[in-house]
Every structure is written in C-alpha cells, then in structure tokens.
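Asker: sequence? don't have it. structure:
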C-alpha cells in the first residue's frame, strides 16, 4: 500500500510525493503540485526518493550511469554515497527523452 509521504515513480517518468492516497476514488493518488496519479501508472514507490532513481536519470544535472546498494555513479562527478547525497533536482530519462529535440541532417 502506498502511504502519504511516500514518493512514486510513474511509467512515464514522473516522480512526485503523495499527499493523499485516496483522492476521489481509491484508484487515484494526489501528489504535490496538484498532480493526480492513476495507480496503474506507478512502477515504483518508496519513502526514500533515492530508491526511485534509475540509470539514465539526471541528478543535480549529472547523468547516472551506475547504481549500487551504496553509491550512485554520475558522469562528470565522483561517486555519490547514497546515504549522504544531497538531491536538489531529478530529471528522469523519460522526461529527458520527451523534451529532447533531435536535429536531423
């Protein structure tokens, strides 16, 4: 069961914090920024936002290329200890792909 205060990651790359786990109908969660999430779109949930990070995501502007139980490895930055990392921003790989403009030849 997903609880209030937990973070969720959706199949379309959104990460948000749950503020109401029974919004209108039990099927929907209300998250910060007035977002409604259909439970069928949730791929992961956790009390710790770090657990939702995947390879290919960007943390504080640095691309994640490897994750272990203790560390997150980012391109252009040294290993970040998962227990002391200070997360300011997360851009999921799905969000990056959706917003990326590809220049054709």
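Answerer: Cool, the structure landed. Since we're looking at a predicted model, the values are computed, not measured.
Asker: How confident was the prediction at residue 78?
Answerer: At residue 78, the model reports a pLDDT of 65.
Asker: now swap in residue 103 and tell me
Answerer: On the pLDDT scale, residue 103 gets 85.
Asker: Mind picking out the helix or strand in this structure with the poorest mean pLDDT?
Answerer: Lowest by mean pLDDT, DSSP states H and E among the helices and strands of the chain is strand 77-81, with a mean of 75.
Asker: Show me what it is packed up against.
Answerer: For strand 77-81, the contact count by 3 or more C-beta pairs under 8 Å, 6 or more residues apart in numbering; DSSP states H and E identifies strand 71-74 as packing neighbours. In short, each C-beta sits where N, CA and C put it, glycine included.
Asker: Off-centre distance for the strand it packs on?
Answerer: Distance, stretch centre to chain centre, for strand 71-74: 15 Å (C-alpha atoms, centre = their mean, to the nearest Å).
Asker: Just checking: what are the partner strands of that strand?
Answerer: strand 62-67 (antiparallel), strand 77-81 (antiparallel) (DSSP bridges).
Asker: deepest of the ones you listed, which one?
Answerer: Neighbour counts (mean count of other C-beta atoms under 10 Å) averaged over each of these peak at strand 62-67, with a mean of 15.
Asker: Using TSV, lay out the strands paired with strand 71-74 together with distance to residue 13.
Answerer: Listed next are those as TSV, based on distance: least, C-beta to C-beta, whole Å:
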stretch	distance to residue 13
strand 62-67	14
strand 77-81	21
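Asker: wait, which of the ones you listed is closest to residue 47?
Answerer: Of all those, the one in closest proximity to residue 47, counting by C-beta to C-beta, is strand 62-67 (17.7 Å).
Asker: Mind checking the pLDDT average for that closest one?
Answerer: 93.
Asker: Need the contact partners of it.
Answerer: Residues from elsewhere that reach strand 62-67, judged by C-beta atoms under 8 Å, 6 or more residues apart in numbering: 53-58, 72-77.
Asker: quick one on the thing from earlier: out of the strands paired with strand 71-74, which gets nearest to residue 14?
Answerer: The nearest among the strands paired with strand 71-74, by C-beta to C-beta, is strand 62-67 at 17.1 Å.
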